[in-house]
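1. Have a look at this prediction, sequence included:
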Amino acid sequence: MVFFILVRFERGERKGFKITDLEGKEGILAHQDFKSQFRVSKYGVNIKNLEEIGVKSILRALRENKIVIIDEIGKAEMFSNKFRKAVELALNSKNKVFGTMKMTSQIPLLIKLEKGKIQRFFI
């Protein structure tokens, strides 16, 4: 099971990011006009959509014993405790986990991945 992030353009200008799973469920992950206490640069982060689409997709893949593909694990996603827990569950499972992340992250879970403390993650 998979979810991925797409850049959302409006009138040729990047305004936000959309989260989508392979079953077609999609929503806005972050947008310039979205009001949120969670922000990455000029984008307000929509934790509800991340959890309803991304977290549920990860957990469904684990239940169904499928490959877990996450694009991406970044600062916006790390605002969600449910997301962090789902990623850790996936990494500690027998499932194969493929994901993308920024290599210069200062987020503890990502530092563990970057330093190779979690071996089953492919970048």
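-> Structure's in. What do you need? Here the structure is a predicted model, which means the values were calculated and not measured.

2. Can you give me the buried ones in the strand or helix carrying A86?
-> Secondary structure assignment for A86, by DSSP states H and E: helix 81-91. Across helix 81-91, burial judged by 16 or more other C-beta atoms under 10 Å covers K82, F83, R84, A86, V87, A90, L91. No exception for glycine: its C-beta is placed from N, CA and C like everyone else's.

3. Can you spell out which helices and strands pack onto it?
-> When contacts are defined as 3 or more C-beta pairs under 8 Å, 6 or more residues apart in numbering; DSSP states H and E, helix 81-91 packs onto helix 56-63, strand 68-73, strand 97-101, helix 108-114.

4. Quick check: bridge partners of V68?
-> V97 (DSSP bridges).

5. Can you report how many residues neighbour it?
-> By the measure other C-beta atoms under 10 Å, the count of residues near V68 is 25.

6. Ok, A30 next?
-> For A30, the tally of surrounding residues (other C-beta under 10 Å) stands at 28.

7. follow-up on the earlier one: can I get the helices and strands packed on helix 81-91 in JSON lines including distance to F34 and mean pLDDT?
-> Listed next are those as JSON lines, based on distance: least, C-beta to C-beta, whole Å; pLDDT from 0 to 100:
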{"stretch": "helix 56-63", "distance to F34": "20", "mean pLDDT": "95"}
{"stretch": "strand 68-73", "distance to F34": "18", "mean pLDDT": "85"}
{"stretch": "strand 97-101", "distance to F34": "22", "mean pLDDT": "80"}
{"stretch": "helix 108-114", "distance to F34": "23", "mean pLDDT": "61"}
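
8. Of those, which is nearest G16?
-> G16 lies closest to strand 68-73 among the helices and strands packed on helix 81-91, at 14.8 Å (C-beta to C-beta).

9. List the buried residues for that closest one?
-> Under 16+ other C-beta under 10 Å, the buried positions of strand 68-73 are V68, I69, I70, D71, I73.

10. And that strand, what does it pack against?
-> Applying 3+ C-beta pairs under 8 Å, 6+ apart, one finds that strand 68-73 makes contact with strand 2-10, helix 56-63, helix 81-91, strand 97-101, helix 108-114.
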